[in-house]
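Asker: Sequence and computational prediction follow.
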Amino acid sequence: MGNVIINKIIDGHKAKDKEGIEFYEEAKEILTHPIVLQMKKYNHHSQTSCYQHCVHVAYYCYKIAKILNWDAKALMKGGLLHDLFLYDWHDYTPGVNERLHGFEHPNKALYNAHKYFKLTRKEGDIIVKHMFPLTLTLPSYKESYVIVLVDKYVTSCEVLDRFFKKKKRILNQKAH
């Protein structure tokens with residue numbers, strides 16, 4: 001059910017259930033912002049664009065925050081902007097004094113998010129700490145821990161989805 005809602009949101013259509021409508025209404029200003037739409041150009045995990053990945057993460061973070069009665073708006077905004085680094089990381093070569101992408105991109109995403117959006121400290125923390133424990137700095141808010149877990153879960157699903165589709169394709173070819 002969640003993927004149907006997410007696909008409708010990604011395609012620019014409102015979902016028909018309460019959660020999807022609330023999420024879309026809260027997120028539409030960010031979802032339709034020209035700089036955020038640029039994320040559609042960049043492949044992120046397997047065959048998922050950076051935009052799709054961020055929508056997936058934001059939607060599940062939003063749902064969890066609603067259940068826990070935590071700051072759903074901050075998690076939605078942080079989730080949508082956590083990978084706003086605007087390049088294809090598969091071809092990324094670190095510049096002088098730069099670390100590898102996994103360590104560097106949270107800071108780039110935070111810089112870009114600040115450049116185009118007004119952020120609270122909590123939203124900034126959600127964005128810049130989403131790669132914990134790789135980046136070592138502990139999150140400062142409980143919501144930041146949610147994105148840490150959700151981002152890793154969604155990434156795993158996106159990567160495994162491609163793996164299982166490829167495996168199914170190979171099995172179908174052998175059967176014929």
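Answerer: Ah, there it is. Residues are numbered from 1 along each chain as shown.
Asker: what's the helix or strand for the residue nearest the centre of the chain?
Answerer: The centroid of the chain falls nearest to residue 54 when counting by C-alpha atoms, centre = their mean (2.3 Å). Assigned by DSSP states H and E, residue 54 falls within helix 50-68.
Asker: For that helix, enumerate the helices and strands it packs against.
Answerer: If you count contacts as 3 or more C-beta pairs under 8 Å, 6 or more residues apart in numbering; DSSP states H and E, helix 50-68 packs onto helix 2-10, helix 18-31, helix 34-37, strand 43-45, helix 72-81, helix 142-175. In short, each C-beta sits where N, CA and C put it, glycine included.
Asker: Swap in 10 Å and give it another go.
Answerer: When contacts are defined as 3 or more C-beta pairs under 10 Å, 6 or more residues apart in numbering; DSSP states H and E, helix 50-68 packs onto helix 2-10, helix 18-31, helix 34-37, strand 43-45, strand 48-49, helix 72-81, helix 142-175.
Asker: what angle sits between that helix and helix 18-31?
Answerer: Using axes from the mean of the first three to the mean of the last three C-alpha atoms, to 10 degrees, the direction of helix 50-68 lies 130 degrees away from that of helix 18-31.
Asker: tell me the mean pLDDT for helix 50-68?
Answerer: The average of the pLDDT scores along helix 50-68 is 95.
Asker: again with stretch 139-152
Answerer: 97.
Asker: ok, back up a step: between the helix holding residue 54 and helix 72-81, what angle do the directions make?
Answerer: 160 degrees.
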